[in-house]
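> I would like to see how this sequence folds:
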Amino acid sequence: MSRTGPGGRSYIRNPAMFLLLFGIAFTALSLGAQVSTPAPSQSGTQPITTVPQASQSLPPAAAGGSSAPPPGSRTIAEEKPLSTTVWQWQGLQVEAIRFEGVTFNAADALPKQLPQQAGQPLDPEKVRQSIRRLFASGRYRNIAVSGIRNGNSVTLIFSGPARYYVGKVQIDGVRDDRLSSLLEYTTNLNPGTAFTSAAVTTATGLVKQTLAQNGYYQPVIAISTVPDDPNQQMNVTYTINIGPQARIGDVALEGTDPGLTVSEFRKKGKLKAVRKVTRETTSDALTALRAQYQKKDRLEAAVSLQNSTYDEPKKLLNYDFHATQGPLVKVSVEGVKISKARIHLLVPIYEESTVDNDLLNEGSHNIKEFLEQQGYFDTKVEVRRIGDNTENEQVVFSVDRGVKHKVTSVVLKGNKYFETDLLRERMRVQKADAYLRSGRYSPALLATDINVIKDLYRANGFNETTITPVVEDIDDGPDGKPLKLARIQVTLTIVEGPQQKFGAIALTGVDGSRADAVKALLNSQTGQPFSLISLSGDRDAVLGYYLSNGFDQVRSDVRQVKDPADATRTNVTIDINEGHQVFIDHVVISGDRRTKPGLIQNALQVHAGDPLDQSALLDTQRRLYNLALFNEVNAAVQNPTGDASRKN
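Below is the predicted model:
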């Protein structure tokens, strides 16, 4: 696809979507696209003009499909067939490469990273890869390549409009700082992200929606966008006249059996007429009404806002609620005495304002745990519903708490590597003492303790540790008579097994200039107990080092294999794929209207030319907040997803 520009140059148009989705332009050229190439001239320049062969597939827009071509471009079908191939210039020396539309400073490494370089023969595949690389950098909205031939040499020109990024988003005209911050957040225009006109339009709708939620239904909004060319960003300002704040108007109540009159509904929901509408008006009303129904044991009551209508002439907001009080639900506990306040805490149907089997089962579990804490380790709880789907329902928890027990001993055997006190610190099963009169025990707690102890052994190289529990429940005394207070004795027998240790630890893929610094981060050393936790910590430390030094695409792969010469040793290889390093191009500061620049500069932990360190960026944000001068500080990386080596 070509187009003739000023000075007789012919452009190969390559919209980004064509490159990413179809990969046609230069793929087709490398396969033998047809071209007209004038005979070499000693005094003039020759344009590059391309058109694909008739047998090549075209994108939908070019092949007669329904998709329209990009604005301002011509489809391939519009070009006139030419007789020879443009890549007859393939192999000619590229004497220079120029960039139009986007400026690269001398410190920017991207031009030097392109596959096609000046001083090399022209290679269609390298040019195609260069276009992809430039577009992936995020610096272009779309990109085209053109060329000028001068004798036996070619000048390549990459051109396209620069991509702008969201800069400062400002809300003017709103006096309430809280509402102003909320509106700014609502826009979803995040600093540093790609700027589009559609995003601004969408943000306007979101701003209106948020204002309506806060009672402002008649705002007047003016939008201005100001480009900041040196920093390649677009600052957006919303000037808002929020207009009058709506007040509560009529309240309509629907439902077969709401259980409240409209006046009672208004009073309990704090929906007093002509009261100002705020963001919390509806949520506070629904919360208060649900609490009112709950006081009357209407646990399945349903209340919701169906609709709200703004009466613009009267500046009133009318509400339409739907409410059904539902059946009367009584909750009782049989077999044990538990206070009503405690039942409300243990049974979640009160919190969720609904009755279902999952919540009832959770309530049974909570009641059982509550009684186990009092020494009733054999507690059994059953729940049943009476009168389901009737006007009067009952939920009954039947409890058989059994005999009260006391944990008289918790014994650990077989542990040699760890001291007993160290293991006891990690256990929840405990013998009775002055603080725990009955001790603490349940099968679930015991199972948890066993897993915790095993994890501790695994973290120190014991992967084959086994733990056998023995629980003695003594209900009768030596004379055969039942004890008033039954006893529980717990014994854990530990078989530690062999200990695995680190063998050779290799670090690959690390640049020589960073090898010593990365190795110093490793806690795992040859001969130490082998631990996946230690290995995971080392990997995180290495990744943290790279991220703090601008390698935002770093990847790591950890491989472990037993040493063939010693089965108790595990050799480890940490393979690092560093990716490319990103540096800070500029530190852009905006919004500092009254603060002295030096005060802000002293708080900065990021500087132009430094590796891009996200943790330093967050530390800068924290330091600026600590000055207690700013309501809000946004810190972001411009072009976060772009593959550029220098970013603002």
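> the nearest residue to H344 once chain neighbours are set aside in helix, strand or coil?
Spatially, and ignoring its direct neighbours in sequence, H344 is nearest to Y350 (4.9 Å; Cβ to Cβ, 6 or more residues apart in numbering). Bear in mind the C-beta positions are built from the backbone N, C-alpha and C, glycine included. Recorded secondary structure, Y350: helix (DSSP: H, G, I helix; E, B strand; the rest coil).
> now do the contacts for Y350.
Residues counted as contacts of Y350 (Cβ atoms under 8 Å, 6 or more residues apart in numbering) are 294, 299, 344.
> the second one: which element?
It refers to L299. Using DSSP states H and E, L299 falls within no helix or strand.
> can you check the last one too?
Element membership for H344 (DSSP H and E) is helix 340-346.
> before we move on, what about the first one?
Using DSSP H and E, Q294 falls within helix 281-295.
> strands along the stretch 451-600 of the chain, start to end?
Secondary structure of the stretch 451-600 of the chain, counting by DSSP state E, counting those that start in this stretch: strands at 466-476, 482-495, 501-508, 555-563, 566-577, 583-584.
> ugh, wrong one, I meant the stretch 101-250 of the chain
Along the stretch 101-250 of the chain, counting by DSSP E, counting those that start in this stretch, strands occupy 143-150, 153-159, 165-172, 220-228, 233-241, 247-254.
> using a markdown table, lay out the ones you listed together with mean pLDDT and mean neighbour count.
Formatted as a markdown table, these follow (pLDDT from 0 to 100; neighbours: other Cβ atoms under 10 Å):
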| stretch | mean pLDDT | mean neighbour count |
| --- | --- | --- |
| strand 143-150 | 86 | 22 |
| strand 153-159 | 89 | 20 |
| strand 165-172 | 93 | 21 |
| strand 220-228 | 94 | 13 |
| strand 233-241 | 95 | 20 |
| strand 247-254 | 95 | 17 |
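> any chance of these in JSON lines with distance to A212 as columns?
Shown next, in JSON lines, are these (distance: least, Cβ to Cβ, whole Å):
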{"stretch": "strand 143-150", "distance to A212": "42"}
{"stretch": "strand 153-159", "distance to A212": "45"}
{"stretch": "strand 165-172", "distance to A212": "16"}
{"stretch": "strand 220-228", "distance to A212": "12"}
{"stretch": "strand 233-241", "distance to A212": "13"}
{"stretch": "strand 247-254", "distance to A212": "14"}
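> any of the contacts of Y350 buried? List them.
294, 299 (16 or more other Cβ atoms under 10 Å).
> nearest to P640, of the contacts of Y350?
Taking Cβ to Cβ as the measure, P640 lies nearest Q294 of the contacts of Y350, at 46.9 Å.
> now do G402: how many residues are near it, please.
14 (other Cβ atoms under 10 Å).
> what helix or strand is it located in?
Judged by DSSP H and E, G402 forms part of no helix or strand.
> skipping its backbone neighbours, what lies nearest it in space?
D378 (3.4 Å).
> assumed the one you found was part of a helix.
No - counting by three-state DSSP, D378 is not found in a helix; it is coil.
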